[in-house]
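A.B. asks: structure for the following, please:
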Amino acid sequence: QFSSYSPELCQSLETFVFPDCSQDELALVQQFDQPDQNRKWREGLLKSSFNYLLLDPRVTKNLPARCHTLSSAECFRTFVSSIFYVGKGKRSRPYCHLYDALTHFKTNNNQVNTKLKQILDVWESGQGVISLHCFQNVIPVEAYTREACMVDALGLQMLT
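C.D. replies: Model prediction:
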């Protein structure tokens, strides 16, 4: 059922047991907390980046309102399975995808990628895409690193 995800995420989805990743998180944060000013960093050192997830509300089915009727494991599984895009952004970047979808919709352009198709399908169902921002106020390289980690865990085939 969860075979498209990384082995570690599969195990957590099946057992609802999470590995202790605190040392990995600490190492990642320390890597970027005080970056070497003399080194050239992709997109600079301004802590204005974040990561974001686009979620399908047809999967979450208003998860916050119904989470009290579900087990924590089921809430987690629902959340993970609703993610269809992982990104790194600054300012209004997540909304660019929505703008692109709207442009395609207005021009009746049938040539859309899977991400835009998913957004258009969500809208056609009468709902809106959920944009969840996380890991805010980080340097771009940290956001790219976290994005790659999330994509690796979720698996490219599970994303648009």
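
A.B. asks: all strands of the chain, in order?
C.D. replies: In chain order, the chain shows strands spanning 49-55, 83-90, 130-138, with DSSP state E as the criterion.

A.B. asks: the last one - contacts with which helices or strands?
C.D. replies: Packing contacts for strand 130-138, counted by 3 or more C-beta pairs under 8 Å, 6 or more residues apart in numbering; DSSP states H and E, involve strand 49-55, helix 93-107, helix 140-154. Just so you know, the C-beta spots here come from the backbone N, C-alpha and C atoms, and that holds for glycine as well.

A.B. asks: neighbouring strands for the shortest one, and are they parallel or not?
C.D. replies: The one in question is strand 49-55. Using DSSP bridges, the strands paired with strand 49-55 in its sheet are strand 83-90 (antiparallel), strand 130-138 (antiparallel).

A.B. asks: buried deepest among the strands of the chain, which one?
C.D. replies: Compared across the strands of the chain, strand 49-55 shows the largest average neighbour count, a mean of 22 (mean count of other C-beta atoms under 10 Å).

A.B. asks: what's the average pLDDT for that one?
C.D. replies: Regarding strand 49-55, the rounded mean pLDDT is 97.

A.B. asks: tell me the angle it makes with helix 140-154.
C.D. replies: With axes from the mean of the first three to the mean of the last three C-alpha atoms, to 10 degrees applied, the angle from strand 49-55 to helix 140-154 works out at 30 degrees.

A.B. asks: hmm, who's touching strand 49-55?
C.D. replies: Identification of contacts with strand 49-55 by C-beta atoms under 8 Å, 6 or more residues apart in numbering yields 43, 79, 82-90, 93-94, 97, 115, 119, 129-140, 142-143, 146-147, 150.

A.B. asks: indicate which one of the strands of the chain is closest to residue 31.
C.D. replies: Closest of the strands of the chain to residue 31 is strand 130-138, at 11.0 Å (criterion: C-beta to C-beta).

A.B. asks: how about low-confidence regions in the protein?
C.D. replies: Applying pLDDT under 70 to the chain flags residues 1.

A.B. asks: which non-adjacent residue is nearest the residue positioned nearest the centre of it?
C.D. replies: Nearest to the centroid of the C-alpha atoms of the chain, with distances taken as C-alpha atoms, centre = their mean, sits residue 53, at 2.6 Å. Beyond its immediate neighbours in the sequence, the residue positioned closest to residue 53 (C-beta to C-beta, 6 or more residues apart in numbering) is residue 132, lying 4.6 Å away.
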